Structures are given as structure tokens and as C-alpha cells.
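Chemist: the sequence isn't on hand, but the structure is:
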């Protein structure tokens, strides 16, 4: 069987800033904030930079005009830099050695390749890193884990900002009276959330194992 695929659509845009995102495993992923651009019919304002080594190899800097492609027509990422349009005062991007939470990051040694991993990580200290903790909670309530109706990623973000949640077990000790008074909430939606959380206490073993990130 043979499949023919059209080449990916590319566009040029300017990097406004480079931000560091932290996943639940502690991986630090650099993301380019770019001037919004239409790439294959989709307005893109973020583009993946993959890792520290990739930034160094392509010499990507803030202020650069870069070629953007949607890999597999889905995830936008930076292909190359247009050096002719680089600003004279541009400086090399220095990848932070510390996680936004303040911990020193590490690069793990790969015993198979005998090289250091390309990904820089915040060491897993349980729930001490606030960025990792938030992502772990999002994973805990994800579709293949507890799958709680009415408790999605955006709700976790909101509850986190209000300090209602800091650990996965906090989900089962929520103050529903306080939640019912929040913007966009009411007694009925708070009651529905309580019902969904109570229901999630009885799940299959494989879902529980997955939710814990094992």
C-alpha cells in the first residue's frame, strides 16, 4: 500500500517571546510566542521549539523571523530562521537552567545511547514544583483516568488559582459552598460536580493506575 501526502503548508512569522512550559513529568518545553499567522487555514500564535538542543542547532532567537509549519497538519513548529531578516542587535537565546518553580533542572543520562537526554527536566519532588503538580492533577482527572464530568483542565486552572486544589486528594475535599458562589457557577452546577466526584471514587484498577501516572 502506498500513500501520497501533500507537503505541509508553511508561513513566516516573527518570534515575540520564548516561554518555558513544564509537563507533569518535569520536561521543560520551549514554546515560541509568534505574531498570529494563518498556516493552512488555521491562525497560529504558538509554535513548538521541541527542546534546548533544537534551539541551539537552529540558532533560534527572540525577534527572529522564522518559517512555521504544522507538522502532520496539526502541531505548529519552527522549521528554520530567515537569517537575512535577523536584527543586528539580536542575542543568542540562553535556555534557563532553573525550572520556573525555582528548582535546578537536570538532564538524565540515557544508558542506551550513552548520551545525555535532549530534554531538560525539573526533578520530580512529588508536588513541590507547582507547574508539575498542576499538570499531574490535570492528568489525574483526564478522560482515561478518573474522567470527572464538569472538572476539566480549565476548571483545574481556575481552582488552582483560587487555592482550592493543590494535591489530587483535594478534589475529594472541595468546598462546594464556595464553588457555588463563583462566577459561572451556581448551586446546581456545584451539586452536579459533587455527584460526578463521588461517582469517580469507584473506578477500575487500570484507570486508577493510569491516573497516578504509573
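Modeler: Structure received. Model, not experiment: these values are computed from the prediction. Residues are numbered from 1 along each chain as shown.

Chemist: contacts for the helix ranked longest in the chain?
Modeler: Longest helix in the chain, counting residues (DSSP state H): helix 187-199. Residues outside helix 187-199 that contact it (Cβ atoms under 8 Å, 6 or more residues apart in numbering) are 148-151, 171-172, 174, 176-177, 179-180. All C-beta spots, glycine's among them, are computed from the backbone N, C-alpha and C.

Chemist: give me the contact list for the following helix or strand past that helix.
Modeler: Past helix 187-199, heading to the C-terminal end, the next element that is a helix or strand (DSSP states H and E) is helix 205-211. By Cβ under 8 Å, 6+ apart, the surrounding residues in contact with helix 205-211 are 139-142, 144-147, 168, 203.

Chemist: okay, those in JSON lines with neighbour count and distance to residue 14 next?
Modeler: JSON lines is the format used below for those (neighbours: other Cβ atoms under 10 Å; distance: Cβ to Cβ, whole Å):
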{"residue": "139", "neighbour count": "20", "distance to residue 14": "34"}
{"residue": "140", "neighbour count": "22", "distance to residue 14": "38"}
{"residue": "141", "neighbour count": "22", "distance to residue 14": "37"}
{"residue": "142", "neighbour count": "16", "distance to residue 14": "35"}
{"residue": "144", "neighbour count": "10", "distance to residue 14": "38"}
{"residue": "145", "neighbour count": "21", "distance to residue 14": "39"}
{"residue": "146", "neighbour count": "22", "distance to residue 14": "41"}
{"residue": "147", "neighbour count": "15", "distance to residue 14": "40"}
{"residue": "168", "neighbour count": "18", "distance to residue 14": "40"}
{"residue": "203", "neighbour count": "14", "distance to residue 14": "47"}
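
Chemist: out of the residues you listed, what pair is the most spread apart?
Modeler: Spanning the widest gap among these are 144 and 168, at 15.2 Å by Cβ to Cβ.

Chemist: for this structure, just list every one of the strands.
Modeler: If DSSP state E is used as the criterion, the strands of the chain fall at 10-22, 28-39, 42-48, 65-71, 75-81, 109-110, 115-116.
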